[in-house]
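Colleague: The following comprises the amino acid sequence and a computationally predicted model.
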Amino acid sequence: MAEGKAGGGRPTIYDVAKDAGVSPSTVSRALSKPGRVNAVTAARVAEVAARLGYRANTLARALPSGRTDTLALFVSDITNPHFFGVIRGAEHQARAAGCTLIVGDTQESPEVEARNIERLGPSVDGYVIAASRMSDEEIVKLSAGHRLTLISRQVGEVPSVIVDHAEGTRQIVEHLASLGHRSIVFLGGPPRSWLGARRWESLVAAADRHGIAARRIGPFPPTMAGGAAAADAALGTGATAAVAHNDLLAIGVLRRCAERDVSVPADLSVVGYDDIFGADFCSPPLTTLAGKYEESGRTAVDMLLAMRDRDGIRPPRARVVLPSHLAIRRSTGPAPR
């Protein structure tokens, strides 16, 4: 029997069929659904395909089934360690389901998100969008023509997974109140951040219950570099505690305070969100809201696959809220007298 395709080109399904002595449709079934053909035939087709170096075209194979076994995950900033757990959880779940996961960085741009979805179109079975910057209207419109699930965002009936930041923010405020703080400044992140808006709303509500003054400043880039300006602005408010949009911004605040000889937490307590890798390595270790972000990635993929397997019908649990907890470290302490 010949090795590879005669003439040196890439082997096709017809080459495999000819060498194995079966029809092309039998080759297709043997490679995609071996249980539907005779075991001996399936083994012979697999052996010939391997010897010839034949690999099925995923998109062509998807035409009769409508499936590509490929999923896409878009994150707003792939350099943010917060998304490491999300990506890991999503990839593990996709692999367990026999799917390939494509990961894309949308660079905080709603235009990039929408454009990527439209370009990929039917090349993937669905999309997971983490921390989407698109408007509610854009997401609803896209969900009408594409299977998609959201992480860290809730929009109407679109399936979503979030960490409970309302309860978590309450824990932050109660922790600061117990330390005697009477004034908190919230360091805002991207203006389009749905989650940032929910955190601020929850902080104001919790602060009101404790008679604490709360003020929002920003927006600031949600990066360590953005922390310098955020720290300077926070110190100018006279607040005794600063709650940052995320851990990267909070760590940047810690660095700037050290440059200015401002003692944390003696002069200013600092809190972040996400409990990223390294939050407990900085100086001082950062008090931050932690959550099950890896589980959010797994759950979002599960919901997406359920929609695919149910021909687009949304899963019974369209909104999943995962628990959060405050990781108390040395960046918070008693309010200065």
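Modeller: Here it is on my side, so go on.
Colleague: Do I have it right that Ile151 meets Ser160?
Modeller: Yes. Applying Cβ atoms under 8 Å as the test, Ile151 and Ser160 come out as touching, 7.3 Å apart. Every C-beta, even on glycine, is put in place using the N, C-alpha and C of the backbone.
Colleague: more neighbours, these two?
Modeller: The neighbour comparison of Ile151 against Ser160 (other Cβ atoms under 10 Å) goes to Ile151, with 28 against 25.
Colleague: pLDDT score for the more buried one?
Modeller: Note for Ile151: predicted pLDDT of 97.
Colleague: go on, Ile313?
Modeller: The model's pLDDT for Ile313 equals 64.
Colleague: which residues do Ile151 and Ser160 both contact?
Modeller: Ala300 (Cβ atoms under 8 Å, 6 or more residues apart in numbering).
Colleague: Name all residues that make contact with Cys275.
Modeller: Not quite, residue 275 is Asp, not Cys. Counted by Cβ under 8 Å, 6+ apart, Asp275 has contacts Asp247, Thr288, Leu289, Ala290, Gly291, Ala327.
Colleague: For stretch 120-139, list every residue counted as buried.
Modeller: By 16 or more other Cβ atoms under 10 Å, the buried positions in stretch 120-139 come out as 120, 124-134, 138-139.
Colleague: Val22: which of these is nearest?
Modeller: Val22 has its nearest neighbour among the buried residues of stretch 120-139 in Asp125, at 28.8 Å by Cβ to Cβ.
Colleague: element containing Arg51?
Modeller: Here Arg51, judged by DSSP states H and E, is contained in helix 39-52.
Colleague: residue boundaries of the strands in the stretch 201-337 of the chain?
Modeller: 213-217, 241-244, 269-273, 287-291, 319-322, 324-327 (DSSP state E, counting those that start in this stretch).
Colleague: closest to Ile102 out of these?
Modeller: strand 319-322 (22.7 Å).
Colleague: what mean pLDDT does that closest one have?
Modeller: 94.
Colleague: neighbouring strands for it, and are they parallel or not?
Modeller: As defined by DSSP bridges, the strand partners of strand 319-322 come to strand 160-163 (parallel).
Colleague: In PDB, list the C-alpha atoms belonging to the partner strand.
Modeller: Output of strand 160-163 as PDB, limited to C-alpha atoms (Å, rounded to 0.1, in the frame of the first residue of the first chain):
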ATOM      1  CA  SER A 160     -24.200  34.400  32.700                       C
ATOM      2  CA  VAL A 161     -21.900  33.600  35.600                       C
ATOM      3  CA  ILE A 162     -20.800  36.200  38.100                       C
ATOM      4  CA  VAL A 163     -19.000  36.200  41.500                       C
END
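Colleague: who's in contact with His146?
Modeller: Neighbours of His146 in contact, by Cβ under 8 Å, 6+ apart: Ile117, Gly121, Gly126, Tyr127.
Colleague: if you skip the residues just before and after it, what's nearest to Val158?
Modeller: Ser143 (4.9 Å; Cβ to Cβ, 6 or more residues apart in numbering).
Colleague: Can I take it that that neighbour is in a strand?
Modeller: No. Ser143 sits outside any strand when classified using DSSP: H, G, I helix; E, B strand; the rest coil, being helix.
Colleague: To what extent is it buried, counted in neighbours?
Modeller: So Ser143, with other Cβ under 10 Å, has 22 neighbours.
Colleague: Just the pLDDT at it, thanks.
Modeller: Confidence score, pLDDT, at Ser143: 90.
Colleague: ok, it to Ala97 distance?
Modeller: 21 Å (Cβ to Cβ, to the nearest Å).
Colleague: for the most centrally placed residue in the chain, what are its contacts?
Modeller: The centroid of the chain falls nearest to Ala130 when counting by Cα atoms, centre = their mean (3.7 Å). Contacts for Ala130 (Cβ under 8 Å, 6+ apart) come out as Leu73, Phe74, Val75, Ser76, Phe83, Val86, Leu150, Ile151, Ser152, Gly297, Ala300.
Colleague: try 6 Å this time
Modeller: Val75, Val86, Ile151 (Cβ atoms under 6 Å, 6 or more residues apart in numbering).
Colleague: who touches the first one in this structure?
Modeller: Under the criterion of Cβ under 6 Å, 6+ apart, the contact partners of Val75 comprise Phe83, Ala130.
Colleague: Can you flag which of the contacts of Ala130 belong to helices?
Modeller: Counted as lying in helices by DSSP state H, out of the contacts of Ala130, are Val86.
Colleague: Redo the contacts of Ala130 as JSON lines? Include distance to Gly272.
Modeller: What follows is the contacts of Ala130, written out as JSON lines (distance: Cβ to Cβ, whole Å):
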{"residue": "Val75", "distance to Gly272": "18"}
{"residue": "Val86", "distance to Gly272": "17"}
{"residue": "Ile151", "distance to Gly272": "19"}
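Colleague: Isn't Ala233 up against Pro219?
Modeller: No. Look at Ala233 against Pro219 with Cβ atoms under 6 Å: they stay out of range, at 10.9 Å.
Colleague: quick one, domains of the protein?
Modeller: Domain assignment for the chain by the TED database gives 13-56, 70-163+293-323, 165-291.
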